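Student: Show me how the following folds:
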Amino acid sequence: MTEASSIVAATSGRVPWNKGKIIGAKPPLRPKHVWSIRTKLQVEGRVRDLALFNLAIDSKLRGCDVVALKLDDIAPSGYAVDRATVRQRKTGRPVRFELTEATRQAIDEYVKATGKKRGDYLFTGRGGLNRSLTTRQYARLLAEWIANVGLDPHLFGTHSLRRTKATLIYRRTGNLRAVQRLLGHTKIESTVRYLGIEVDDALAIAEQIDV
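Tutor: Sure, this is the predicted structure:
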């Protein structure tokens, strides 16, 4: 916040939107954190949350696109597909993603338990069957999952799930173009900034130098 905006906020009596919040890119989850959250959701029998968490990791979609998914997008015949295509709200461009066996199984169990039908939102919120889960509700669920495995929920956000698999793919393959396609970015520069590659690569090089 600039000095001018701080003065305006102070004189108007309004609380700055970012007061007490950590601003900046939210980091991805580490594999051990993913497995911790996944295991806890399984043990607690939280079928919907497990399907939502797994799908968010695999799809690498923005939060607004995750909550807008319908059964037809993921399981048009009643069973989760191996690969799906979704049109992104932000860019209007389609993006394809894979669903792992664990994710497909979680979705199938969730669909069976809820009796979802074609045309239904995959994840519904408090507004009923005709209303999808909101991004705010999604963020609150994520904060709960994060806190339940001993992590600080203020450090992570829905973009952490979007970044998780994309970051792992880049670090293991170095294929930036592939990650760009998976994230649905139109420019390679956007992918570079999104993953913070310059910083990560510089640190990796520095760690190999012993003075």
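Student: what's the following helix or strand after the lowest-mean-pLDDT helix or strand in the chain?
Tutor: Least confident helix or strand of the chain, by mean pLDDT, DSSP states H and E, is helix 3-12 with a mean of 46. Using DSSP states H and E, the next helix or strand after helix 3-12 towards the C-terminus is helix 31-43.
Student: for that following helix, packing partners?
Tutor: helix 47-59, helix 135-148 (3 or more Cβ pairs under 8 Å, 6 or more residues apart in numbering; DSSP states H and E). Quick note: C-beta positions are derived from backbone N, CA and C, even for glycine.
Student: Count the residues that sit near the nearest residue to K26 once chain neighbours are set aside.
Tutor: Distances taken as Cβ to Cβ, 6 or more residues apart in numbering place G157 nearest to K26, at 4.0 Å, with adjacent residues excluded. Neighbour count of G157, defined by other Cβ atoms under 10 Å: 19.
Student: all numbers from here: first residue = 43
Tutor: Noted, 43 is the first residue going forward, which turns the last one into G199.
Student: so is T127 in a helix, a strand, or just coil?
Tutor: strand (DSSP: H, G, I helix; E, B strand; the rest coil).
Student: thought it was touching V137?
Tutor: Yes. With contact defined as Cβ atoms under 8 Å, T127 counts as touching V137 (7.1 Å).
Student: circling back to that earlier point, does the residue nearest to K68 touch A181 like I think?
Tutor: Yes. If you go by Cβ under 8 Å, G199 and A181 touch, sitting 6.7 Å apart.
Student: Between the helices and strands packed on helix 73-85, which one is closest to E151.
Tutor: helix 89-101 (5.6 Å; Cβ to Cβ).
Student: Between helix 73-85 and the closest one, find me the angle.
Tutor: 150 degrees (axes from the mean of the first three to the mean of the last three Cα atoms, to 10 degrees).
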